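Engineer: Sequence and predicted model, in that order:
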Amino acid sequence: MRHRYRIAGALPLGPAVVLLLLFLAGPIAYCVYIAFTDLQLTGQAHSSFVGLANFRRAFRDDAFLNAVWLTLVFTVLSSLVGQNTLGLALAALMKRASKPVRTLTGGVVVTAWVLPEVVAGFLLYAFFRREGTLNAILDWLHLPRQNWLFTLPILAVSFANVWRGTAFSMLVYSAALDEIPAEITEAAEVDGAGGWRRLWHITLPMIRRSIGTNLMLNTLQTLSVFGLIWVMTRGGPGDRSQTLPLFMYEQAFQNSMIGYGTAVALLLLLVGSLFSVVHLRLLRTEV
């Protein structure tokens, strides 16, 4: 009788499980299979199983290794350092600011977050291009201008991702800071602890779990950024801003090598999984 009740209780989950298997697990399993074949978009009647050849080719490919390095730089600059640090700073400043300032700052930052990725890409392209807003400001200040998207493309797209994604970190840290009891902070102030000591010894330890969660989600989102970089630089000039998502797209759809591109996608999935494992370990309660 108990087994019948358990089966009856699980029946409402049936449609959701079927949808997950059909639209999530199924495509992932098919992609894993494709990664071990030489499937191409054109010029091929049948694909064949090639084992680990696509993965060996990736690690011998200088363009792939360059994409891995640029992905790491892009993720560290725009997510781990940029969005995380700026989001915490904005959350701390807004906690002490007046209500009009909080409303205005929050509105501006969140607006950049809710913009579609393509629209944000075009806005930042107009800002960084040779005849763009940034160079106009430099001309007004009588400072030398340069073509930012040519000389410093990975820094330009990293800044763009910081501008677009900081709102999420700000909201996470605003909620976390509101959970810190005011009595603890006030007691530290009475004991003579300065702002930096309170931040290091009280604030950061008490929001440690929020920091870990934010880092994990930001990292996974940053690893998958495609449209923003594609609109601004298309991975160029050359391959100086070509991260793994753009390299995967180039191999799979421009060079028609679906098998190789899917293998790169699986390696990107592996990188994201490694970041997730590291962050989840940081979330574990210290003994």
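Structural biologist: That came through fine.
Engineer: Poorly predicted segments of this protein, please.
Structural biologist: 1-10, 43-45, 191-195, 283-287 (pLDDT under 70).
Engineer: Distance-wise, check the spatially most central residue of it relative to residue 197.
Structural biologist: Computing the C-alpha centroid of the chain and ranking residues by C-alpha atoms, centre = their mean puts residue 222 first, at 1.5 Å. According to C-beta to C-beta, to the nearest Å, residue 222 stands 31 Å off from residue 197. Glycine gets a C-beta too; all of them are placed from N, C-alpha and C.
Engineer: mind listing what's buried in stretch 51-70?
Structural biologist: Using 16 or more other C-beta atoms under 10 Å as the test for burial, stretch 51-70 gives 54, 55, 57, 58, 64, 66, 67, 68, 70.
Engineer: For the stretch 1-150 of the chain, just list every one of the helices.
Structural biologist: Along the stretch 1-150 of the chain, counting by DSSP state H, counting those that start in this stretch, helices occupy 2-10, 14-20, 26-35, 53-60, 62-75, 84-96, 99-114, 117-128, 133-140, 148-151.
Engineer: wait, what's in contact with residue 268?
Structural biologist: 71, 223, 224, 244, 245, 248 (C-beta atoms under 8 Å, 6 or more residues apart in numbering).
Engineer: where's it, which helix or strand?
Structural biologist: Assigned by DSSP states H and E, residue 268 falls within helix 258-283.
Engineer: in that helix, what counts as buried?
Structural biologist: Neighbour count says helix 258-283 has 258-268, 271-272, 275, 279 buried, by 16+ other C-beta under 10 Å.
Engineer: Please apply the same query to stretch 151-166.
Structural biologist: Quick answer for stretch 151-166 (16+ other C-beta under 10 Å): 152-166.
Engineer: do stretch 244-260 as well
Structural biologist: 244-252, 257-260.
Engineer: And those, which two are furthest apart?
Structural biologist: 246 and 259 (18.2 Å; C-beta to C-beta).
Engineer: Redo the helices of the stretch 1-150 of the chain as JSON lines? Include distance to residue 234.
Structural biologist: Shown next, in JSON lines, are the helices of the stretch 1-150 of the chain (distance: least, C-beta to C-beta, whole Å):
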{"stretch": "helix 2-10", "distance to residue 234": "48"}
{"stretch": "helix 14-20", "distance to residue 234": "34"}
{"stretch": "helix 26-35", "distance to residue 234": "24"}
{"stretch": "helix 53-60", "distance to residue 234": "21"}
{"stretch": "helix 62-75", "distance to residue 234": "14"}
{"stretch": "helix 84-96", "distance to residue 234": "27"}
{"stretch": "helix 99-114", "distance to residue 234": "22"}
{"stretch": "helix 117-128", "distance to residue 234": "10"}
{"stretch": "helix 133-140", "distance to residue 234": "20"}
{"stretch": "helix 148-151", "distance to residue 234": "10"}
